[in-house]
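Colleague: What follows is a predicted structure for the sequence shown.
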Amino acid sequence: MTTYSLLDLNTQIRYAIALNFPEPLWITAEIAQVSEARGHVFLDLVQKGEGEAGTIAAQAAAVLWQRQYRQLRLQLGQALNEALREGQEVRLQVRADFHERYGLKLTVLDADPAYTIGRLELQRRQTLKQLQAEGLLEHNRSLPLPHVLQRIAVISSEGAAGLQDFHEHLRQNPFGFAFQLHLFSSAVQGENLEAEFLQALQQISQQSRAFDCAVVLRGGGARLDLSGFDAPNVCRAAAQLPIPLLTGIGHETDETVLDRVAYAALKTPTAVADFLIQHNLFFENALLKQAELLRKYAQQHLRQQHLRLTHWETATRWSAQTHLRSILQQLTYLEQSVPTLAHQTLRRAHNALSRAETLYNALHPDAALRRGFSLTRKNGRVLTSTQDAQPGDVIETQMADGTFQARVE
């Protein structure tokens with residue numbers, strides 16, 4: 001059996017690679033780590049297996065030399081930096097070099113940001129499909145939006161330009177609306193976005209009664225900056241937020257999964273501020289409209305009551321005058337009738353008295369005595385029966401011209 005030295009083996013490998021891969025080739029891989037030194041970009045590329053999650057099936061080191069990096073930056077702009085990030089799926093043009101001492105090294109000659117965007121779009125669609133199946137795509141949008149939005153939970157980076165624009169736009173609103181803003185600081189791009197964003201959402205959920213809504217703000221940037229807002233965990237937590245969520249992440253044409261699960265997706269932080277101001281303005285206008293309707297109703301009601309009072313006043317005046325005329329007529333009639341009635345009453349009374357006097361005189365005992373009758377008394381009591389007098393009683397008899405006494409035998 002032939003025995004090779006390590007140098008011989010590596011030399012044969014170098015010859016084999018040089019013969020089989022004489023020209024640059026395109027490869028796809030995931031960036032596991034990125035570092036930069038003296039303008040050069042060093043990449044650790046991996047390909048994960050389809051079995052156990054996280055299992056690495058292949059691994060290689062790659063380098064993008066400073067000169068080539070500058071040329072690619074001129075051609076691709078900021079999209080190059082967005083593609084060369086840890087965790088991104090990339091398509092790179094490389095030249096395979098093998099050195100007997102340093103081993104395999106891939107030299108990066110070109111990059112295809114469209115491939116990375118395409119992979120992200122596929123992941124985005126899968127995330128939307130999953131959220132739709134879980135019933136979360138419309139969940140936040142179904143929450144009731146308060147009539148007034150003043151207490152705002154803000155998720156943004158403290159130094160974000162969009163945050164400052166948002167503050168100024170609200171502060172200088174021409175209607176004098178006051179807003180209470182509470183910042184929950186979070187990265188809005190990069191590898192720290194998911195962890196910090198989830199923490200901010202959790203804090204807001206725990207204090208949800210203190211806020212009317214939450215907003216996510218960031219400034220402009222490359223399309224790949226938005227990939228963190230497509231992460232399933234981020235979007236799932238945002239969809240389950242117990243208060244309405246508004247997004248303003250600085251892109252006119254691109255829509256993230258976070259935009260889809262939010263209550264409302266606005267294009268920029270200032271657009272979010274305009275939404276808050278206009279929402280409160282609509283409520284104020286509704287109040288003013290109700291106040292105007294109430295004022296008109298009150299005026300109409302007062303006019304109706306005034307007419308009713310005027311009618312009652314006129315009716316009362318005429319009724320009083322009619323009643324007074326009736327009373328005056330009655331008083332005039334009584335004034336004219338009282339003397340006659342008094343004379344008639346007095347005449348009737350006089351006649352009655354005359355009849356009573358005649359009857360009195362006819363029935364008076366003196367009249368009976370003058371006609372020959374007499375009264376007999378015993379001990380001052382008039383006797384009406386012979387049984388009331390006993391023999392030996394002294395009785396007194398009264399006649400018209402006097403009295404005498406007698407003894408009963």
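Modeller: Done, it's in.

Colleague: and after the host helix or strand of residue 98, which helix or strand comes next?
Modeller: Secondary structure assignment for residue 98, by DSSP states H and E: strand 89-99. Following strand 89-99 in sequence order, the next helix or strand is strand 103-111 (DSSP H and E).

Colleague: other SSEs contacting that next one?
Modeller: Here strand 103-111 touches strand 40-48, strand 56-64, helix 66-76, strand 89-99, going by 3 or more CB pairs under 8 Å, 6 or more residues apart in numbering; DSSP states H and E. Placement of C-beta: from N, CA and C, glycine included.

Colleague: out of these, which comes closest to residue 227?
Modeller: Residue 227 lies closest to strand 89-99 among those, at 10.4 Å (CB to CB).

Colleague: what does the closest one contact?
Modeller: Applying CB atoms under 8 Å, 6 or more residues apart in numbering, the contact partners of strand 89-99 are 10, 13-14, 17-18, 21, 24-31, 45, 62, 83-84, 104-112, 115-116, 119-120.

Colleague: Also stretch 103-117?
Modeller: By CB under 8 Å, 6+ apart, the surrounding residues in contact with stretch 103-117 are 10, 17, 24, 26-28, 41, 43, 45, 60-65, 68, 72, 76, 79-80, 82-84, 88-99, 223-224.

Colleague: got the CA coordinates for that stretch in PDB?
Modeller: Extracted as PDB, the C-alpha positions of stretch 103-117 are listed here (Å, rounded to 0.1, in the frame of the first residue of the first chain):
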ATOM      1  CA  GLY A 103      -6.400  24.200   3.500                       C
ATOM      2  CA  LEU A 104      -9.500  25.100   1.500                       C
ATOM      3  CA  LYS A 105     -10.400  28.800   1.100                       C
ATOM      4  CA  LEU A 106     -13.300  30.200  -0.900                       C
ATOM      5  CA  THR A 107     -12.600  33.600  -2.400                       C
ATOM      6  CA  VAL A 108     -15.900  35.600  -2.900                       C
ATOM      7  CA  LEU A 109     -16.000  37.300  -6.300                       C
ATOM      8  CA  ASP A 110     -19.700  38.300  -6.600                       C
ATOM      9  CA  ALA A 111     -23.000  38.100  -4.600                       C
ATOM     10  CA  ASP A 112     -26.700  37.800  -5.600                       C
ATOM     11  CA  PRO A 113     -28.900  39.800  -3.100                       C
ATOM     12  CA  ALA A 114     -32.000  38.800  -5.100                       C
ATOM     13  CA  TYR A 115     -31.500  35.200  -4.000                       C
ATOM     14  CA  THR A 116     -31.500  36.200  -0.400                       C
ATOM     15  CA  ILE A 117     -34.600  38.300  -0.900                       C
END
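
Colleague: next one: it to chain centre, how far?
Modeller: In terms of CA atoms, centre = their mean, to the nearest Å, the centre of stretch 103-117 is set 53 Å apart from its chain centre.

Colleague: Just give me the neighbour total for residue 39.
Modeller: Using other CB atoms under 10 Å, residue 39 has 11 other residues around it.

Colleague: Check the contact between it and residue 64; I expect there is one.
Modeller: No: judged on CB atoms under 8 Å, residue 39 makes no contact with residue 64 at a distance of 9.7 Å.

Colleague: hang on, residue 12 in a helix?
Modeller: Yes: applying DSSP: H, G, I helix; E, B strand; the rest coil, one finds residue 12 inside a helix.

Colleague: is it true that it touches residue 4?
Modeller: Yes: applying CB under 8 Å, one finds residue 12 in contact with residue 4, separated by 7.5 Å.

Colleague: quick one, which of these two is more surrounded?
Modeller: Using other CB under 10 Å as the criterion, residue 12 and residue 4 rank with residue 12 on top: 13 against 10.

Colleague: nearest spatial neighbour of the most centrally placed residue in the chain, skipping sequence neighbours?
Modeller: What sits nearest the mean C-alpha location of the chain, by CA atoms, centre = their mean, is residue 146, with 3.4 Å. Once flanking residues are discounted, residue 146 sits nearest to residue 212: 4.6 Å by CB to CB, 6 or more residues apart in numbering.

Colleague: contacting residues for that neighbour?
Modeller: 146, 148, 149, 150, 151, 152, 243, 244.

Colleague: mind checking pLDDT for the nearest residue to the last one once chain neighbours are set aside?
Modeller: What it means is residue 244. In this structure, residue 244 finds its nearest non-sequential neighbour in residue 263, 3.7 Å apart by CB to CB, 6+ apart. You'll see residue 263 listed with a pLDDT of 94.

Colleague: Kindly provide the distance from residue 263 to residue 152.
Modeller: With the distance defined as CB to CB, to the nearest Å, residue 263 ends up 13 Å from residue 152.

Colleague: for residue 363, same thing?
Modeller: According to CB to CB, residue 363 and residue 152 sit 116 Å apart.

Colleague: repeat for residue 172
Modeller: Distance from residue 172 to residue 152, by CB to CB: 16 Å.

Colleague: neighbour-wise, which of the two wins?
Modeller: It is residue 152, of residue 172 and residue 152, that has more neighbours when counted by other CB under 10 Å, with 21 against 8.

Colleague: Okay, and the beta partners of the more buried one?
Modeller: With DSSP bridges as the criterion, residue 152 is bridged to residue 181, residue 213.

Colleague: And it, what's its pLDDT?
Modeller: For residue 152, the model assigns a pLDDT of 95.

Colleague: Residue 276 is in contact with that one, correct?
Modeller: Yes: using CB under 8 Å, residue 152 is in contact with residue 276, at 7.1 Å.

Colleague: Now the common contact residues for these two.
Modeller: Common neighbours of residue 152 and residue 276, counting by CB under 8 Å, 6+ apart, are residue 179.

Colleague: now the strands for the stretch 101-250 of the chain?
Modeller: Per DSSP state E, counting those that start in this stretch, the stretch 101-250 of the chain carries strands over the ranges 103-111, 151-156, 180-185, 213-217, 245-248.

Colleague: which residues does residue 202 contact?
Modeller: By CB under 8 Å, 6+ apart, the residues touching residue 202 are residue 237.

Colleague: What distance do you get for it to residue 235?
Modeller: The value you get for residue 202 to residue 235, if CB to CB is used, is 15 Å.

Colleague: For the helix ranked longest in the chain, name the packing helices and strands.
Modeller: As assigned by DSSP state H, the longest helix anywhere in the chain is helix 269-363. Helix 269-363 is packed against helix 161-171, strand 213-217, strand 245-248, strand 264-266, with contacts defined by 3+ CB pairs under 8 Å, 6+ apart.
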